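Participant: can you look at this prediction? I've put the sequence above it.
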Amino acid sequence: MTTITASTTAPPRARKLVGAGRRQWIGLIYVAPAVALVMVFFVIPLGMTAWMSLHNWPLMGEHAFIGLDNYWAILRDTRFWNALKFTGYYTVVVTIAIFAVAFPLAIFIEKPRPLTNLYRTFFFMPAVVGFASASLLWSWLLNVDSGLFSPAAYDLGLIDKKFNLLATFQPAFWSIIAMVVWKVAGFTMIILMTGLQSIPQDLQEAAVIDGAGPFARFRAITLPLMRRTLALALILSVAGSILAFDQFYIILRGGPRNQTLTAVYWIFNQSFVSFKLGYGAALSMVLLVILVALSLIQLWLLRKPEGLD
Amino acid sequence: MAQAISARGKLAARFARHSTGVIASVLFVAPIVWTALSAFKPAAEARLPPLPPWPTTGFSLENYATLNSFGDGLWASAQNSIYVSVMTVLLSVIVSVLAGYGFSRFRFPFKDLFFVLILSTIMIPFQSILTPIFLVLTKLGLHNTLTGLVGVYVTLQLPFSIFMMRNAFDAVPREIEEAARMDGAGNATMLLKVMLPLVWPGVVTIALFAFLGAWNEFLAALVLMTDQSKFTLPVMMTALQSGRFGAIDWGAVQAGVTVMMVPCLILFLALQRFYIRGLMAGAVK
């Protein structure tokens, strides 16, 4: 209230306006480089994606307007739908797996105790390694002949024949899940930890006095108060997983038998391997609509007021 | 008696907690340490059992030497990666500090529109506009150049770093500026000498994220860099790992992965508190 009255008192305001009036265009100069970059590398390409999706657009040679033909072709593109289905399946499984590991870790490191800082740092280390580095590292660990898992198990006499984890769908899929959980769990852990730390301690203590056990406290206090944090961690995990590419390209190359092609992988294939740029753009538009719709749902999830405030 | 039991219980709980902590730590850190150690095995050891992880016949830099003789060499790709990352850091810091200051302290036409425009780019993944980015770069004569890649990376950083910088500038009391203005500080002095030292933690944070983002990015580099001499480390290593330069030499892969991981780990360990700050700022957004 005081600030509003202060700024509406006549003399200072008048003085400020003179200065601001002279200075206001300067602000535009400050933000101009950022706006220019976003225009060139974002807004224009975004518009072009829509435009290109209506064309037959090979890398070389003339492009021709073909209306919605690319979109009709998508309807018949079983590879794309399979990729989309696989991406969805992967997203659900990996998100559950990440939470299953990250939540207990977050509880484990939440309170400052001896060595907690050290554990926190160790759990988090894989999260700063790039996805490409992590994928290359795991492609070695998972390799049937020179890697770690299969040869070490063989040398230790645990298995009598080296087992190629990447040759069939199920082991290959779960290998990727393990790799991603290893890389991402620490990140999710930190987000969840801040949610846990923001829960007022006296609420928990009051519940203890009321005779609530740990499970009842978790359900009645921790979970509802962490709604926003959980929603946020969920959003980050889902958004990241839907765009998955690096690990599937580097470790599996879409194999075994194209069963692990993700949506982005298929777009990459069509645009930059087959050079069907128009078709790739149409596929991008479909993915984009799905992602924006998901973002809006998630924003709505985040905005909803909490039960306990 | 009861006291003795509870003391023993506490000890048991502490033991259980630390064993859990140590086991989990090993699971998370082992693959990194394992790779870094294995990279020092001489080539002759590559065919031997993977256990133990460290070289048994003496440390050797053979794998690094082998890696350096692939294509244009490890060092050439590392140089590309360093160039791209450092330029991305410099440019995104400059652009974001200017824009953050502009959005925080000035009123101008389309201000809200521009701010929302920049922030909303986070909703649209660059993966879906990569094809036209490829064409835009061609039009600008930046196709297959590291400069073009830097442009893309800087733009990707903008929503996060501008948001971060605007908040940092918002947190600086106006009185400080007014006092400096009284003392006759001009626009440049105001930003560089007065404001910048006050928002320094924010600058370190966005620089760190820009570096990690550019250093680790893979898909855009894979698509936009067609010339082997322009490959960044992740692209070069993937080409090597997929056997494009002959049979896969896993020792060389380990060496390359180590080179890719070490700068990230060092920066993270040195700047942990800025990293966490950035995560939180990214989270509120």
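Facilitator: It's in. Residues are numbered from 1 along each chain as shown, chains lettered A, B, ... in the order given.

Participant: so what's the residue count around the closest residue to A:Gly240 other than its chain neighbours?
Facilitator: Excluding the flanking residues, the one nearest A:Gly240 by Cβ to Cβ, 6 or more residues apart in numbering or on different chains is A:Val184, at 7.4 Å. The C-beta positions use only the backbone N, C-alpha and C, and glycine is treated the same way. Residues lying near A:Val184 (other Cβ atoms under 10 Å in any protein chain shown) number 24.

Participant: how far off centre is the helix or strand where A:Val184 lies?
Facilitator: A:Val184 is part of helix A:169-197, with elements assigned from DSSP states H and E. Mean-position distance between helix A:169-197 and its chain equals 11 Å (Cα atoms, centre = their mean, to the nearest Å).

Participant: tell me the first helix or strand C-terminal of it.
Facilitator: Next along the chain from helix A:169-197, counting by DSSP H and E, comes helix A:201-209.

Participant: elements contacting the helix or strand following that following helix?
Facilitator: Downstream of helix A:201-209, the next assigned helix or strand under DSSP H and E is helix A:214-217. Secondary-structure packing of helix A:214-217 (3 or more Cβ pairs under 8 Å, 6 or more residues apart in numbering or on different chains; DSSP states H and E): helix A:201-209.

Participant: ends of stretch A:161-177, how far apart?
Facilitator: End-to-end distance of stretch A:161-177 (Cα to Cα, to the nearest Å): 24 Å.

Participant: what mean pLDDT does it have?
Facilitator: Averaged across stretch A:161-177, pLDDT comes to 90.

Participant: then stretch A:151-158?
Facilitator: For stretch A:151-158, the mean per-residue pLDDT is 80.

Participant: stretch B:207-219 too?
Facilitator: 96.

Participant: related to what we said a few turns ago, tell me which residues of the helix holding A:Val184 come out buried.
Facilitator: Within helix A:169-197, the residues scored as buried using 16 or more other Cβ atoms under 10 Å in any protein chain shown are A:172-173, A:175-196.

Participant: coming back round to it: tell me how far the residue nearest to A:Gly240 lies from A:Gln204.
Facilitator: Remark: distance between A:Val184 and A:Gln204 (Cβ to Cβ, to the nearest Å) = 28 Å.

Participant: what's the answer for A:Ser135, then?
Facilitator: A:Ser135 is 41 Å from A:Gln204, by Cβ to Cβ.

Participant: then B:Leu90?
Facilitator: Remark: distance between B:Leu90 and A:Gln204 (Cβ to Cβ) = 47 Å.

Participant: okay, now the unreliable bits of chain A?
Facilitator: Residue ranges of chain A with pLDDT under 70: A:1-23, A:304-309.

Participant: remind me, longest helix of it?
Facilitator: Criterion DSSP state H: the longest helix present in chain A is helix A:78-110.

Participant: okay, A:Ser135 and A:Gln204: which has more neighbours?
Facilitator: For A:Ser135 versus A:Gln204, neighbours defined as other Cβ under 10 Å are more numerous around A:Ser135 (28 against 17).

Participant: how about the closest residue to the more buried one other than its chain neighbours, secondary structure?
Facilitator: For A:Ser135, ignoring the flanking residues on the chain, the nearest one in space by Cβ to Cβ, 6+ apart is A:Ile250 at 3.8 Å. Using DSSP: H, G, I helix; E, B strand; the rest coil, the secondary structure recorded for A:Ile250 is helix.

Participant: burial count for A:Ile250?
Facilitator: 24.

Participant: host element of the residue lying closest to B:Pro53 once chain neighbours are set aside?
Facilitator: Closest residue to B:Pro53 apart from its sequence neighbours, by Cβ to Cβ, 6+ apart: B:Trp34 at 4.6 Å. Element membership of B:Trp34, judged by DSSP H and E, is helix B:2-38.

Participant: which bits of the stretch 151-300 of chain A sit near chain B?
Facilitator: Within the stretch 151-300 of chain A, the positions near chain B by Cβ under 8 Å from any Cβ of the partner chain are A:151-152, A:155-156, A:182, A:186-187, A:190-191, A:194, A:232, A:239, A:243, A:245-246, A:249-250, A:253, A:264, A:267-268, A:271-272, A:277, A:280-281, A:284-285, A:287-288, A:291-292, A:295.

Participant: which of those count as buried?
Facilitator: Taking 16+ other Cβ under 10 Å as the criterion, what is buried in those is A:151-152, A:182, A:186-187, A:190-191, A:194, A:232, A:239, A:243, A:245-246, A:249-250, A:264, A:267-268, A:271-272, A:277, A:280-281, A:284-285, A:287-288, A:291, A:295.

Participant: find the nearest non-adjacent residue to the residue in the stretch 51-200 of chain A that chain B sits nearest to, please.
Facilitator: Across the stretch 51-200 of chain A, the shortest distance to chain B (Cβ to the nearest Cβ) belongs to A:Gly130, at 2.6 Å. In space, not counting the residues next to it along the chain, A:Gly130 is nearest to B:Asn216; the distance is 2.6 Å by Cβ to Cβ, 6+ apart.

Participant: hang on, the one you found packs against A:Ser133?
Facilitator: Yes. If you go by Cβ atoms under 8 Å, B:Asn216 and A:Ser133 touch, sitting 6.8 Å apart.

Participant: and for the two, which residues touch both?
Facilitator: B:Pro234, B:Met260, B:Cys264 (Cβ atoms under 8 Å, 6 or more residues apart in numbering or on different chains).

Participant: can you give me the neighbour number for the first one?
Facilitator: Summarising burial for B:Pro234: neighbours were counted as other Cβ under 10 Å, giving 28.

Participant: from the centre of chain A outward, give me the first residue you hit.
Facilitator: Centroid-nearest residue in chain A: A:Gly240, 1.8 Å away (criterion: Cα atoms, centre = their mean).

Participant: phi and psi next, for that residue.
Facilitator: Here is the backbone geometry of A:Gly240 (degrees, to the nearest 10): phi -60, psi -40.

Participant: now do A:Lys276
Facilitator: With angles defined as degrees, to the nearest 10, A:Lys276 sits at phi -90, psi 80.

Participant: is the residue nearest to it when sequence neighbours are not counted in a helix, a strand, or coil?
Facilitator: Nearest residue to A:Lys276 in three dimensions, chain neighbours excluded: A:Gln270, at 5.1 Å (Cβ to Cβ, 6+ apart). Here A:Gln270 is recorded as helix under three-state DSSP.

Participant: A:Gln270 and A:Leu84, how far apart?
Facilitator: For A:Gln270, the distance to A:Leu84 equals 13 Å [Cβ to Cβ].

Participant: higher neighbour count, the two?
Facilitator: The residue with more neighbours, out of A:Gln270 and A:Leu84, is A:Gln270; 23 against 20, by other Cβ under 10 Å.

Participant: on the three-state scheme, B:Trp54 is what?
Facilitator: Secondary structure, three-state DSSP: B:Trp54 is coil.

Participant: quick one: pLDDT of the single nearest residue of the stretch 51-200 of chain B relative to chain A?
Facilitator: Per Cβ to the nearest Cβ, B:Phe106 is where the stretch 51-200 of chain B lies closest to chain A, at 2.5 Å. Confidence at B:Phe106, expressed as pLDDT, is 90.

Participant: three-state assignment of the nearest residue to it once chain neighbours are set aside?
Facilitator: Among residues not flanking B:Phe106 along the chain, A:Gly27 sits closest, at 2.5 Å (Cβ to Cβ, 6+ apart). In three-state terms, and counting by three-state DSSP, A:Gly27 is helix.
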